[in-house]
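**Q** curious how this folds, go ahead:
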Amino acid sequence: MLYNYCRVKWNKSRGNVWHRLRRREVNGNHLRFNAIPKQILVKPKKEKIAPNRLQMVPEELVYQLCVFSSGDNWLEFRKIAEELLNLPEMILLTSGLGFQLIENLLNILVVDIFGVGKKDVGKTSSQHLHDDRATPLQFDHERSADIKLILQLVHTFTNQVPETSYYHLRFKYRLIEVLFTLFSETQHRIHLVASAIAEKLLTATPMSQNNKLFSLQSIKSLPAIVSRMNNDSLLYFYHVISVVMSDCELCGSVSLEQHDQWLNDSSVADTAALNQEFLLSLPSHLENMCLSASRPASEVTRPLSLLAHMLGQSFGSLDLENDDFQMMERQIGSSDSYIWLNDIIHRANLFTIITMLLTGKYQNEVQKRLMKCDFVNRLNNSFEEVIWKDFPDIPDLSADSEDISQTTFVRVQFLRLVHSIADSTSYRYSLLSIEELHTLKQIAEKKNHSLPSEFPTLTNDTAAPLSKRSLLSQVMSKLHQESITFWITRVVEAFLRGPTNPTTQAFLLDKNIVESTVGVLISTRPMHELVRQGCFDMLSTVMKVNVDAFTRCDNALNSARKFQTFISAVEDSLIDSNMFIRCVILTTHYIQTSQTENKEVLVTNRLLEYYTNHKRRIQVIARLVTLLDVSTLSQETVSCLNTSLLLLIMAHRNNRLASYLQCLYGVYEPAVLENLYSLLQFWIVHYSLPFKKNDRKSLEFGSLTQFSEWESVARTLLDPDLRSEISIKHYLAKADEIGRTYGSPNLTYIRWP
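**A** Below you'll find the model as predicted:
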């Protein structure tokens, strides 16, 4: 086998890795190393073939590779195949030729070796679902060498043709069944190449944006296939499954409008639910995954096979022979860090799968099963000694500033898992220690607050033993590690999600979370935009309608310089801070209507007083609307539209909507109102989609405003009646009538509210 030192960039066409993480699109396919340490690659090379040798292989000979595939011709087939594999660099004449070879070779594997009828090879999903055969495919084990040779060629050729050329192969269900069957063939290490090809096919992207999910239930024999896998095979099975379950997003960067259309037109939600149902139906597999993902350091004895396999993918070859493994054991086996690295790669795959199950259709069942196996308590015990273990003698393998290191990626997957637990109303309190649960109860009694219905009884009769350690506190202790700050803030935000709970807010306030976060935001060191956004979003949930939190924030900004620095951080990055502005506006309204005894706070608290100014509110609306466009609106920026609309809702409640629209018309370009009109048209359609039920509920919880009011004000603004002063059309018609292009704050009819 030839080793080549190479750097394999992450697929940039799928977008910046941080944004892919936020969209929960990062999957097992991206857990590949971007550079390989040179000391691992030291090995005597085989004698090179002369460069002109490649020119001596005619195109006809390559075609013959797929002709000599039966009977006595197998000898000639092996000869040609081995000759091609031994070339120092295999360069096919055309990608079309490479694609034909891939098709023909896989056809040989499925039809000639496994004996699957030709009619079955091309069966579609709907046709295959009617096949009740649930027994695994059989093959002649004496053909193992031929199978490995075919798979090695296919793997080599798939590296040289576009993904779009073999995307359709992911839906050849008998082919995928054959590959899964070969996961059990560990004796000749066939499973290494079979899993690599399965991953390539199942992550291939189509030419169009209409990406479809692969259905695990389409392979009726898969439960029986999985039951035959040993621990080594399951490593690769879970790696590929993490890819399949994470593959529920569009490839590339798409707008929210395109994403809605894709979800509306495809069966992605149904297929995702079927895949989750399949995994949960495998006896004890969820429990075994949890035990493996949270096992303590003392149980980490797994060999380096998964790490070796992933290094092999980076080399572009998977012909890992005995001497290759022995060489790797000699060169890196003595380093504990590489053993740990091999282990956390496997854990990352499991974290991904469990996260998808926790956030899927069967989340209630998953939560109950995780509680029974004491999952959170086990994660607690492995937090410091495994998940947050540093690897000082491993070089940073990230390719450039947009990529993240392998250890950071695993920690992000872990935090995504904790986020999904925190987001579960019936399971989130398992993240706290028994001491913290008692503290929460005392806070509720002291402030005369009621505890949530899902709050656990503080006895030994709970479904899962109460922990002496707090996973939430351990996570929060890493808040200042910038590479994962965003995801830590997301965990805290998820823990507070739902109806505003002053008891939980008070519990976190006592941990000085406001003071420490404000300190991060006003620091002079450079800050990634996602860190800034995460900090603002976390503050918005902790401080929402909480006077004590705003008092703490005001005290933290104890000088004019600090206050101005904070305000600049808010106004210089409205996309990142819009949720915080929403929190300030909601708190102001709450004090004015429900806590009139605290009205003086609106004057004494500088932050609240700053945004009671209606001129500033209108400026925020105009600036946010200017930043948005329907064609580029995303899941990240739709919150800016919601903040703009909420400001208009508050104006409507106070009978100021007409004056707000008049100022937007008089001061700013008509394009602002035109864009707002288009955005609101999209907003109505977006939130009316049947699969947006949870988004509507989240909008209500986050704004303390019923969705019916959101929709009513949006439709009022879109009213086509030109006589209505609270209709956008009324002002656009005025602009058309006088031919005005630009606004002016000096127009005599402008009255700032």
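
**Q** list the contacts of Val630.
**A** If you count contacts by CB atoms under 8 Å, 6 or more residues apart in numbering, Val630 has them with Ser255, Glu257, Ser678, Leu679, Phe682. Every residue, glycine included, has its C-beta placed from N, CA and C.

**Q** ok, and the closest non-adjacent residue to Leu676?
**A** Leaving aside its chain neighbours, Leu676 sits nearest to Val625 (4.9 Å; criterion: CB to CB, 6 or more residues apart in numbering).

**Q** quick one: the helices in the stretch 301-450 of the chain?
**A** Ranges of helices within the stretch 301-450 of the chain are 305-315, 322-332, 336-358, 363-372, 375-382, 406-422, 434-446, based on DSSP state H, counting those that start in this stretch.

**Q** any stretches of the stretch 201-350 of the chain with poor pLDDT?
**A** 205-211, 247-254, 265-266, 300-342 (pLDDT under 70).

**Q** go again using 50 as the cut-off
**A** Along the stretch 201-350 of the chain, the parts satisfying pLDDT under 50 run over 250-252, 302, 304, 306, 310-334.

**Q** hmm, Ala569 and Ile522 touching each other?
**A** Yes. Ile522 is in contact with Ala569 according to CB atoms under 8 Å; the separation is 6.7 Å.

**Q** can I get stretch 608-617 in PDB, CA atoms only?
**A** Only the C-alpha atoms of stretch 608-617 are listed here, as PDB (Å, rounded to 0.1, in the frame of the first residue of the first chain):
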ATOM      1  CA  LEU A 608     -34.400  49.600  30.100                       C
ATOM      2  CA  GLU A 609     -34.500  53.400  29.800                       C
ATOM      3  CA  TYR A 610     -32.400  53.400  26.700                       C
ATOM      4  CA  TYR A 611     -34.900  51.300  24.700                       C
ATOM      5  CA  THR A 612     -38.100  53.000  26.000                       C
ATOM      6  CA  ASN A 613     -37.200  55.700  23.400                       C
ATOM      7  CA  HIS A 614     -39.500  55.100  20.400                       C
ATOM      8  CA  LYS A 615     -37.100  56.700  18.000                       C
ATOM      9  CA  ARG A 616     -34.500  54.100  18.800                       C
ATOM     10  CA  ARG A 617     -37.000  51.300  18.400                       C
END
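
**Q** when you give positions from now on, start the count at 9
**A** Yes, from this point I'll number from 9; that puts the last item at stretch 616-625.

**Q** ok, residues contacting it?
**A** With CB under 8 Å, 6+ apart, stretch 616-625 has contacts from 558, 575, 589, 592-593, 595-596, 599, 609-611, 655, 658-659, 664, 668, 671, 760-761.

**Q** low-confidence ranges, the stretch 459-608 of the chain, go.
**A** 468-471.

**Q** that one: helices as residue ranges?
**A** Going by DSSP H, counting those that start in this stretch, the stretch 459-608 of the chain shows helices at 479-484, 490-504, 510-517, 521-529, 537-551, 555-564, 568-579, 582-602.

**Q** ok, now the stretch 159-308 of the chain?
**A** 181-189, 198-211, 230-235, 239-254, 264-273, 276-289, 293-301.

**Q** between those, which gets nearest to Pro728?
**A** Pro728 sits nearest to helix 264-273 of all the helices of the stretch 159-308 of the chain, at 22.2 Å, using CB to CB.

**Q** run a quick neighbour tally on the residue nearest to Leu684.
**A** Residues near Val633, counting by other CB atoms under 10 Å, number 25.

**Q** where's it, which helix or strand?
**A** Val633 belongs to helix 622-635 when assigned by DSSP states H and E.

**Q** so how do I select the buried members of the contacts of stretch 616-625 in ChimeraX?
**A** Buried subset of the contacts of stretch 616-625, written as a ChimeraX selection, criterion 16 or more other CB atoms under 10 Å:
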select :558,575,589,592,593,595,596,599,609,610,655,658,659,664,668,671,761
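
**Q** which residues does Thr651 contact?
**A** Applying CB under 8 Å, 6+ apart, the residues contacting Thr651 are Asn586, Met587, Ile589, Arg590, Val628, Leu632.

**Q** now swap in Gly368 and tell me
**A** Ala280, Ala281, Gln284, Val374.

**Q** got a list of what Ile575 touches?
**A** Neighbour list for Ile575: Tyr618 [criterion: CB under 8 Å, 6+ apart].

**Q** hang on, I meant Val633
**A** Leu649, Ser652, Val680, Asn683, Leu684, Leu687.

**Q** got a list of what the fourth one touches?
**A** With contact taken as CB under 8 Å, 6+ apart, Asn683 is in contact with Val633, Thr634, Leu636, Asp637.

**Q** what strand or helix carries it?
**A** Element membership for Asn683 (DSSP H and E) is helix 678-696.

**Q** now the next helix or strand after that helix and helix 582-602, what's the angle there?
**A** Sequence-wise, the next helix or strand downstream of helix 678-696 (DSSP H and E) is helix 701-711. Inter-element angle recorded for helix 701-711 and helix 582-602: 60 degrees (by axes from the mean of the first three to the mean of the last three CA atoms, to 10 degrees).
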